[in-house]
Structures are given as structure tokens and as C-alpha cells.
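*Asks:* what follows is a predicted protein model with its sequence.
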Amino acid sequence: MVGDMDERVVLTREPLNAETPLDRQVGPITPVGRHYVRSHFSAPPPPTHIAFSGLLAAPFRITPDELRALPARTLAVTLECAGNGRSFLDPPAPGEQWRLGAVGTAEWTGVPLATLVARAAPLPAARELVFRGADAGVPNGLVREIAYERSLPVPDALGGEALLAYAMNGEPLVAEHGAPVRLVVPGSYGMASVKWLAEVTAVADPFPGFFQRDRYVIDGAPLGAIEPRAVIVEPADNAELRAGPTRVRGYAWCARDPIAGVELSTDRGTTWAAARLAEPLSPFAWREWTHEWDARPGRRILIARAVTHRGERQPLEQVVNPLGYSNTAAQPVRVSVVWRHDNRSGAGD
């Protein structure tokens, strides 16, 4: 059953694609009913088991109940759709027209993927692991039905932080987030975190699947780690503010290089001031930032940009490619600042 979609900004209902309402985000963790959802096909019946197959010395099947009986860990992870920010592109790019809410942060609980891959014992010829979801359909660009599938190199599966997750924010997964078990790949765009996981297959050759080679690529190269981005969640775009001390608040994240700071401009990018960053919840979670601004009357344009440890700054201009991926351009927030009025009546009135 789909959760309360009124908590999210719905783009499409079938299949469900919906944004996190960032203006309601408080603290680092996104409630389950507000966390964005990306679906390529309709939600399938829940798989009864996950099969580990292919070039393995010890193939096996495991049920969700058996998985929950294994040692687990919980990790806070920010997931972001690679198409986040696509709706701001000019000219438009095809695909879901996300604004900035195709992102959310949750505490995912599950069994480390490395534990299960080690149990399956990939053979020396195994190069990649292909993860198949139980969902299937006919995507734009094809005339036949396919399952949603993505792959990871075997070394990444054995040495990374990926989880086979069965809980989100301390509660069992719900259908739209991939119940009963999904893959969560920290640091990668959300397309890597296959939902409704049904099968993991070890293969000798690079996986040529539609969602690996035709989608989620730029100039033929697969998308890498999440790029730097900062967003403003307070004040809202087109808000009217009273002049004086004003809090500006938002979130910043990057997986390719840790966030080192956020810079805020209140004058269309002419000057920049350093915002205050909250402590990181985990290496893979966004960080809240705040800035105290002495707002002066007039029409103001606020821009926030993320800065990484290596000194890379989030771009101010749109990032253009045919399918509109990784458009991390900083988006302005326009506000009107008016004088603060004192409505108290004078003595004797």
C-alpha cells in the first residue's frame, strides 16, 4: 500500500514519483512519508526471497526473515535521484521534471552486502554483480518488457558500505520504498539502490542493461558519485520577509568529496558569506546549514553553493546533457524584504 502521498509533492501516481517537501524538512532525517520516491515501473508483489546466482562457488537463496536474523548495521544515507534539478533546464530535457526535492535522508538498517557476497564466494571470473528488482515494464525507448536492473563491480560490493536494507528509520520498509528488501548504495545516485530486490547474479562481462548503458550515463560514461549541491529550504521562494535579523537555512551534500562549507550570497552572487554547518550524521548524509542575515528592505535574491574539501564549488550555471542528469546548478531564492511595522497603539489611544 502506498503511504500518504499528501506528505510529498507528487509528479506521477502510476508509477509513483514524488518529491520530498524540502520546506518541511527539519533536522537531518526525512520521515518515511516525506522521503522522495523514484519508480520506473509499478510496485510489484513483494519477492519471497533473494537468489544469489551466476558465477558463484556457493549460490544460495535467502528470505527476508532469514536476512533479518543476520547481524545488521544502521547507516544514515542521503539518496538523490540523478535527475534532481532537471525541471530548471532550458531547453528542457526529457524525463521526470524534478525540481529540487528528489532527495532525502534516512537511517537504513540491513545486512552489509559484503557479508552476503562473501558467503556466495564469487568465482575468479566474476566481474560484476547484477541486481534485479521484481518490478518490470516497458520503458520509453524500448518495445519490450524488462526488469529494473543495475550492476556493481565485485570489488565494490565486497569493499563498500552497501546494505541489503529491510528497515527505514527504524520501521519495516513500506512498498514504495522497496519492501521487503532493497539495495542501498551510499554515495551513488539513487538509481544504484535497486528496490524490491529479487536476484543478485555474478557475471563475467560488464552488464549491458538498459538502465546501465542507455540511461544514467553522460556522454556514454556511467554516472559516478553524487555531485556537490546546497539548497535553501528557508525562506521559501517568493516569501515576504520583515527587515532585520533573518535565518537562512538549508542542506548540503556531496559523495565524491566531503562537504567543507556552504557559501551564501544575498546580492545575486556579487558577494559571499560562509554559513554555519551542522556536524555530519554520517559520511553519507547531508548536513544542515544556517546563516543569520541582516535583511534590508527590497527585492533580494539568495543563492547558496556547496564547497568541497578539495575546494570545488557547486556550479552557478546549468549543467547540460541530453537526459538532464546531475544538473547541480545553484538555484536562486527570491524574497521581498519590507520594513518591520510596530502596530502597538500609543498612550491614550
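*Replies:* Received it, and whenever you're ready, just let me know what you need.
*Asks:* off-centre distance for the stretch of helix or strand Arg132 belongs to?
*Replies:* For Arg132, the host element (DSSP states H and E) is strand 128-137. The chain centre lies 19 Å from the centre of strand 128-137; the measure is Cα atoms, centre = their mean, to the nearest Å.
*Asks:* which elements pack onto that strand?
*Replies:* strand 146-153, helix 154-159, strand 197-203 (3 or more Cβ pairs under 8 Å, 6 or more residues apart in numbering; DSSP states H and E). For the C-beta atoms, the positions are set from N, CA and C on the backbone; glycine is no exception.
*Asks:* from what I see, Pro122 and Ser53 are in contact.
*Replies:* No - assessed by Cβ atoms under 8 Å, Pro122 is found out of contact with Ser53, at 11.3 Å.
*Asks:* can you check which residues contact both of those two?
*Replies:* Ala202 (Cβ atoms under 8 Å, 6 or more residues apart in numbering).
*Asks:* quick check on those two: which one has the bigger neighbour count.
*Replies:* Each of Pro122 and Ser53 has its neighbours counted (other Cβ atoms under 10 Å); Pro122 has more, 23 against 16.
*Asks:* and Leu56, how many neighbours does it have?
*Replies:* Residues lying near Leu56 (other Cβ under 10 Å) number 19.
*Asks:* test of understanding: give the bridge partners of Leu16.
*Replies:* Beta-bridge partners for Leu16, by DSSP bridges, are Arg13.
*Asks:* and it, what's its pLDDT?
*Replies:* Reported pLDDT at Leu16 in the predicted model: 97.
*Asks:* again, but for Ala285
*Replies:* Taking Ala285 on its own, its pLDDT is 98.
*Asks:* next: the one 10 residues further on.
*Replies:* What the model reports as pLDDT for Ala295 is 97.
*Asks:* quick one: contacts for Cys81?
*Replies:* Applying Cβ under 8 Å, 6+ apart, the residues near Cys81 are Tyr36, Arg38, Glu96, Trp98, Ala102, Val103, Tyr189, Gly190, Met191.
*Asks:* thinking the second one is in contact with Ala192, fair?
*Replies:* No - with the criterion set as Cβ under 8 Å, Arg38 and Ala192 do not qualify as a contacting pair; they are 11.5 Å apart.
*Asks:* any regions of the stretch 1-150 of the chain where pLDDT drops low?
*Replies:* Residue ranges of the stretch 1-150 of the chain with pLDDT under 70: 1-5.
*Asks:* okay, helices next: where are they in it?
*Replies:* 64-68, 113-120 (DSSP state H, counting those that start in this stretch).
*Asks:* let's have those in CSV, adding mean neighbour count and distance to Asp23.
*Replies:* CSV is the format used below for these (neighbours: other Cβ atoms under 10 Å; distance: least, Cβ to Cβ, whole Å):
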stretch, mean neighbour count, distance to Asp23
helix 64-68, 16, 35
helix 113-120, 18, 34
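*Asks:* can you say which of those is nearest to Val262?
*Replies:* Closest approach to Val262 among the helices of the stretch 1-150 of the chain is made by helix 113-120 (31.8 Å; Cβ to Cβ).
*Asks:* give me the contact list for the closest one.
*Replies:* 52, 56-60, 62, 70-71, 129, 154, 157-160, 162-164, 183, 200, 202.
*Asks:* just the CA coordinates of it, formatted as PDB?
*Replies:* Below are the C-alpha coordinates for helix 113-120, written out as PDB (Å, rounded to 0.1, in the frame of the first residue of the first chain):
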ATOM      1  CA  LEU A 113      26.100  -6.500   1.100                       C
ATOM      2  CA  ALA A 114      29.800  -7.600   1.600                       C
ATOM      3  CA  THR A 115      28.700 -10.200   4.100                       C
ATOM      4  CA  LEU A 116      26.300 -11.900   1.600                       C
ATOM      5  CA  VAL A 117      28.700 -11.600  -1.300                       C
ATOM      6  CA  ALA A 118      31.500 -13.200   0.700                       C
ATOM      7  CA  ARG A 119      29.100 -16.100   1.600                       C
ATOM      8  CA  ALA A 120      28.300 -16.600  -2.100                       C
END
